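Q: based on what follows, work out the 3D shape:
(chains A and B)
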Amino acid sequence: QKEVEQNSGPLSVPEGAIASLNCTYSDRGSQSFFWYRQYSGKSPELIMFIYSNGDKEDGRFTAQLNKASQYVSLLIRDSQPSDSATYLCAFPSGSARQLTFGSGTQLTVLP
Amino acid sequence: DAGVTQSPTHLIKTRGQHVTLRCSPISGHKSVSWYQQVLGQGPQFIFQYYEKEERGRGNFPDRFSARQFPNYSSELNVNALLLGDSALYLCASSVTSGGGREKLFFGSGTQLSVL
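A: Alright, predicted model coming up:
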């Protein structure tokens, strides 16, 4: 079983809709989670960080964490074409607490 | 403030050659991590350095090595290049070495092509 599972997509949503991106993880000891956005040909950019159960909101982005279900999600409200990118979830693991990444979900927001 | 800077941005090498990639962290950050990202996959951890000490190593062969300098910049070296080493190499910096809530900030990466 992979440590982090993401739906690879591609996921397409119309402009203005809510995009929902999901991630499951296998390490029950994981305490914090990160969402990165990566535009094609660019490097990952940190957009959200969550370590408590429940929701964390930042502008149009909401991260949801459910440790009991080992599930973390990212909701993007009022999706814009500029949100079209690959979204990577990651959590710290290993002796160095290095980030383990999922393979990413490719999101396309259609105008 | 400058972000994480990496050089070169692109590199073309042939099999068997050696390559050195360079990274300068964000000012005030003392930890540097290296990741390899193959097209269509998430970044994979290679090394982490903090205060010039190796703090972690991923599942990569000994052909991969790295070091961190007193000014916290870092080099990643890859010997005896293979076709499969073709990837985007990402450097990330953070204030400290982890603890689970440390935010990593990535540089723009070095795209390595091995022919």
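
Q: quick one: what helix or strand has the residue of chain A with the smallest separation from chain B in it?
A: Here chain A gets closest to chain B at one residue, A:A96, 2.5 Å apart by CB to the nearest CB. C-beta here means a position set from N, CA and C on the backbone, and glycine is covered the same way. Under the criterion DSSP states H and E, no helix or strand holds A:A96.

Q: how about the one 10 residues further on?
A: A:Q106 is part of strand A:105-110 when elements are defined by DSSP H and E.

Q: quick one: average pLDDT of that strand?
A: Averaging pLDDT along strand A:105-110 gives 96.

Q: now the residue of chain A closest to chain B. Nearest residue, chain neighbours left out?
A: B:G56 (2.5 Å; CB to CB, 6 or more residues apart in numbering or on different chains).

Q: how many other residues sit next to the one you found?
A: 19 (other CB atoms under 10 Å in any protein chain shown).

Q: what's next to the helix or strand harbouring it, contact-wise?
A: Using DSSP H and E, B:G56 sits within strand B:53-57. The contact list for strand B:53-57 (CB atoms under 8 Å, 6 or more residues apart in numbering or on different chains) reads A:94-98, B:31, B:45-49, B:66, B:68, B:97-98.

Q: and these, which of them are buried?
A: A:94, A:96-98, B:31, B:45-49, B:66, B:68, B:97-98 (16 or more other CB atoms under 10 Å in any protein chain shown).

Q: next step: the residues you listed restricted to strands.
A: A:98, B:31, B:45-49, B:66, B:68 (DSSP state E).

Q: neighbours around residue 6, how many?
A: Unless you meant another one, I'm taking chain A. Neighbours of A:Q6 using other CB under 10 Å come to 22.

Q: chain B was what I was after
A: B:Q6, neighbours per other CB under 10 Å, totals 22.

Q: pull the contacting residues for it.
A: By CB under 8 Å, 6+ apart, the contact list for B:Q6 reads B:21-24, B:89-91, B:107-110.

Q: roughly how far does the closest residue to chain A within chain B sit from B:G42?
A: For chain B and chain A, the shortest gap (CB to the nearest CB) falls at B:G56, measuring 2.5 Å. As for B:G56, its distance to B:G42 is 17 Å (criterion: CB to CB, to the nearest Å).
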